[in-house]
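Enquirer: quick one, fold the following:
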Amino acid sequence: MADRSLPSPAPVPSLAQLRALVAVVEAGGFGEAAAELGVSQSSLSEAVARLEALAGRPLLRRTPAGTVPTEAGARVLAHARRAVQAAADVLLAAQEEASLCGTLRVTSLRSTATHLLPPALASFRARHPGVTVTVLDSEASGGGIQAVRAGRVDVGLIVSEAAADLRLLPLPPDEYLFVAPAARGESPVTWGELAAQPLILPPQRDPCYQRVRAYLAARGVPLTQVMEVEQDSVTLSMVGHGLGITVMPRLALLPLPPGLVALPLPEPLTRPLALAVLPHRAALPLLRAFNSTVLETVGKLGMPSGTAEARAIASRLPLPTAPN
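Expert: A predicted model of the protein is given here:
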């Protein structure tokens, strides 16, 4: 007679083991992860060792730069992050919007974090005092898009050109403006003017550098000299001292320093902004409430929704403050 007994289930790692793996990789070492989590290093080591025993191979390796995943560990890590996030999302999904609580992690460009997020955060806190919001610079969090994909943050305020795999809520585009010493006056900017003066831009790795260079190249504008400067404030100071001109997103210019003028380019150039979340998390009440508040706040701020309006107001005008 055939044996009809069911096979024994395959061993399944625990959430604690998966959390330990993720924590060690994120922190770059067992000691650092233990300190961040407030647990003993031995307990983390034991949890990872048990996970490696289940996997049948090493998942982490120590290097002079810190503890990093092996090739197998990198594959496991992606699933571990999703599993840990999904476990937390079970409780988030059960919340009602009238009584939200927990922690929300947001990453943003510095310019949008300075001018768009504060009024939105104030409104969100007034409505949902039980939620703690953590804001991370997108550069510090490893890039906004990658941070959302990896689950290191919940929401990213990003430039949305290369994030088709994320759920995007478009925001009004941010227009690039020509910046020069105020003595230049406010006459329309010409292509010849852009070609004739030193252009101060961020380093080549910066998307703004790439966007401005591509814009000018597509219009046959030769550049006589390009100076690369890391900080926007330094760039604007150099322009104020007559060392060149720059092209910069409007939000990055606010407030425009004295002694400068910011004017529309001969043809519009914008960067598309959006709120980004993982598609399967978009319906969580916490994320839905935050994104709704940001969209509502942007509408109240009166951000230019098209290039015609942006060109009409230029960027001499300060960004309106949020209504009381």
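
Enquirer: from here on, just use CA atoms for contacts and neighbour counts.
Expert: Will do.

Enquirer: list the contacts of Arg61.
Expert: Thr67, Val68, Pro69, Thr70 (C-alpha atoms under 8 Å, 6 or more residues apart in numbering).

Enquirer: could I get the buried residue list for stretch 26-45?
Expert: For stretch 26-45, the neighbour count (16 or more other C-alpha atoms under 10 Å) marks Ala27, Gly28, Gly29, Phe30, Gly31, Glu32, Ala33, Ala34, Gln41, Leu44, Ser45 as buried.

Enquirer: isn't the last one right up against Gly29?
Expert: So that's Ser45. No: using C-alpha atoms under 8 Å, Ser45 is not in contact with Gly29; the gap is 10.3 Å.

Enquirer: okay if I get the contacts of Arg61 as JSON lines plus secondary structure?
Expert: Shown next, in JSON lines, are the contacts of Arg61 (DSSP: H, G, I helix; E, B strand; the rest coil):
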{"residue": "Thr67", "secondary structure": "strand"}
{"residue": "Val68", "secondary structure": "strand"}
{"residue": "Pro69", "secondary structure": "strand"}
{"residue": "Thr70", "secondary structure": "coil"}
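
Enquirer: now for Arg82, which secondary structure element holds it?
Expert: Using DSSP states H and E, Arg82 falls within helix 71-93.

Enquirer: list the buried residues in the next helix-or-strand element following that helix.
Expert: Next helix or strand after helix 71-93 toward the C-terminus (DSSP H and E): strand 102-108. Across strand 102-108, burial judged by 16+ other C-alpha under 10 Å covers Leu104, Arg105, Val106, Thr107, Ser108.

Enquirer: for strand 102-108, packing partners?
Expert: Packing partners of strand 102-108 (3 or more C-alpha pairs under 8 Å, 6 or more residues apart in numbering; DSSP states H and E): strand 131-137, helix 144-150, strand 155-159.

Enquirer: quick one, which of these is nearest to Thr297?
Expert: strand 155-159 (13.8 Å; C-alpha to C-alpha).

Enquirer: by contact count, what packs against the closest one?
Expert: By 3+ C-alpha pairs under 8 Å, 6+ apart, strand 155-159 packs against strand 102-108, helix 144-150, strand 270-277.

Enquirer: what's the least confident stretch among the ones you listed?
Expert: Of all those, the segment with the smallest mean pLDDT is helix 144-150, scoring a mean of 87.

Enquirer: longest strand in this protein, please.
Expert: strand 167-181 (DSSP state E).

Enquirer: just the CA coordinates for the helix or strand following that one, please, in PDB.
Expert: Sequence order places helix 191-196 as the next helix or strand after strand 167-181, per DSSP H and E. This file holds the C-alpha atoms of helix 191-196, laid out as PDB (Å, rounded to 0.1, in the frame of the first residue of the first chain):
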ATOM      1  CA  TRP A 191      21.100  81.700 -27.400                       C
ATOM      2  CA  GLY A 192      24.100  83.800 -28.100                       C
ATOM      3  CA  GLU A 193      24.200  85.000 -24.500                       C
ATOM      4  CA  LEU A 194      24.200  81.400 -23.300                       C
ATOM      5  CA  ALA A 195      27.100  80.600 -25.600                       C
ATOM      6  CA  ALA A 196      29.200  83.600 -24.900                       C
END
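
Enquirer: pull up the distance across stretch 259-277, start to finish.
Expert: 40 Å (C-alpha to C-alpha, to the nearest Å).

Enquirer: equivalent analysis for stretch 255-271, please.
Expert: 19 Å.

Enquirer: just the buried residues of it, please?
Expert: Leu256, Leu260, Val261, Ala262, Leu263, Pro264, Leu265, Leu269, Thr270, Arg271.

Enquirer: list the residues that contact Leu44.
Expert: Ala20, Phe30, Ala34.

Enquirer: now, the residues you listed that are in helices?
Expert: With DSSP state H as the criterion, helices contain Ala20, Phe30, Ala34 from among these.

Enquirer: was I right to think the first one contacts Val48?
Expert: Which is Ala20. Yes: in this structure Ala20 lies within contact range of Val48 using C-alpha under 8 Å: 6.3 Å.

Enquirer: could you look up the SS state of Val239?
Expert: Per three-state DSSP, Val239 ends up helix.

Enquirer: so how many other residues sit close to the closest residue to it other than its chain neighbours?
Expert: Spatial nearest neighbour of Val239, excluding adjacent residues (C-alpha to C-alpha, 6 or more residues apart in numbering): Ile245 at 5.5 Å. Number of residues near Ile245 (other C-alpha atoms under 10 Å) recorded here: 25.
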